[in-house]
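1. Only the shape, not the letters, is given here:
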């Protein structure tokens, strides 16, 4: 926005593009020089703080407020603590009052820089430092990020597990604002509250291949709720490997594996037979287990019945906690590529299972289509996060749509143990 300010006694005017620095802009100086290089005057007598001083600790529960007298206006306010955390705020339309909109941290040291201008447009400056008091309670909210440091696939969600429940809308918003996920390259993403003690973060689309992701919490010293303050948390760094996406077509009895968007392998498979249909939808590789003993008793099949089994299974890539795997099934090679005969897993030859086992890692994607089974649960049985549309995912954010509802009964659907 362009504006014109007349110099006092100069008889000339200048037009400047206002530079938006936080709350305001920059006006022309009265000295006739470059207003961006003029030395600001001491605005101590012009501005006031709400009881803050350098020799008395401030109450972090109270907002920060800055006002200016009738002869000037505030153009910019920045407030940061010693760790670099910024306090957000709002400036009144007339520029006479600025107040914080995010909470101050307890037991922190703050520096507040206020820029003003007088009625002639001359710039003023005031810097105030102050400390906040310690929390009055020892109750702290800790956050543990997951997965661990390492390299993962493009489908890996970030998890944040809280050591105490957070239920209210306002409290959840405080927590969510403090949990930061930064990636290179940058992506659009959001947190989703799974329940009172767990959040998941995922991008709108899968992570870019070879991205670097850093996660940290700014909750330390921040008041979350009544007698609950944030604690320090260990940051997390992880990387993303190649994009590995396997699409299993239950109707075609075939799995196609894509590496960085290119089909590299097509494998004949068998999936769940009637009554044991494989879940549709996107699943994320949870682990790789060279050997698993699978028993029919764990899925309620009576011993001695036609469906009972007790088998050693090799090259087992787990995709649900309840026991869905992609694994070697040498006993069903004759049906692979032709019929679905398993008890819910994706079976293939030993050679193909070994190739798949070696090719994929935690966080890679296995998507099942054209099965008569239910859709993979979003939560509770692994990482079904990608089965929610982006619109529905964002409704689980306290910053977008308020406090999300508790998990539905469908999301708590029965968890089937190991099956073959």
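-> In hand now; what should we look at? Here the structure is a predicted model, which is why all the values come from computation and not from measurement.
2. how far is stretch 49-64 from where the chain is centred?
-> How far stretch 49-64 lies from its chain's middle: 32 Å, per C-alpha atoms, centre = their mean, to the nearest Å.
3. So that it lines up with my notes, have the first residue be 47 from now on.
-> With 47 as the first residue, the last one maps to stretch 95-110.
4. Contacts for that stretch next, please.
-> 111-112, 125, 133, 135, 145-147, 149-152, 154, 156, 158, 174-179, 267, 269 (C-beta atoms under 8 Å, 6 or more residues apart in numbering). Where C-beta positions appear, they are placed from N, C-alpha and C, glycine not excepted.
5. repeat for stretch 406-415
-> Applying C-beta under 8 Å, 6+ apart, the external contacts of stretch 406-415 come out as 193, 196-202, 252, 286-287, 290-297, 317, 324-334, 363, 365, 372, 392, 422, 432.
6. Stretch 289-297 too?
-> By C-beta under 8 Å, 6+ apart, stretch 289-297 touches 199-201, 252, 255, 300-307, 315, 317-318, 323-324, 326, 372, 386, 392, 402, 405-407, 410-419.
7. Buried ones in it, by neighbour count?
-> For stretch 289-297, the neighbour count (16 or more other C-beta atoms under 10 Å) marks 289-296 as buried.
8. which ones among those residues are found in strands?
-> Per DSSP state E, strands hold the following members of the buried residues of stretch 289-297: 290-295.
9. Direction included, what does the one helix or strand residue 414 maps to pair against?
-> In this assignment (DSSP states H and E), residue 414 forms part of strand 411-415. When sheet partners are counted by DSSP bridges, strand 411-415 sits next to strand 290-295 (parallel), strand 327-330 (antiparallel).
10. which stretch among the ones you listed comes nearest residue 222?
-> The closest of these to residue 222 is strand 327-330. By C-beta to C-beta, the value is 22.5 Å.
11. What residues sit buried inside that closest one?
-> Buried, per 16+ other C-beta under 10 Å, within strand 327-330: 327-330.
12. Ok, stretch 279-291 next?
-> By neighbour count with 16+ other C-beta under 10 Å, stretch 279-291 contains the buried residues 279, 282, 284, 286-291.
13. ok so, going back, what would the strands paired with strand 411-415 look like in TSV with distance to residue 342?
-> Putting the strands paired with strand 411-415 into TSV (distance: least, C-beta to C-beta, whole Å) gives the following:
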stretch	distance to residue 342
strand 290-295	23
strand 327-330	22
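14. To residue 444, which of those lies closest?
-> Going by C-beta to C-beta, the one of the strands paired with strand 411-415 nearest residue 444 is strand 327-330, 24.0 Å.
15. ok, and what's touching that closest one?
-> Applying C-beta under 8 Å, 6+ apart, the set of residues contacting strand 327-330 is 199, 201-203, 365-366, 370, 408-414, 421-422, 428-433.
16. Go through the contacts of stretch 406-415 and flag which are in helices.
-> Of the contacts of stretch 406-415, none are assigned to helices by DSSP state H.
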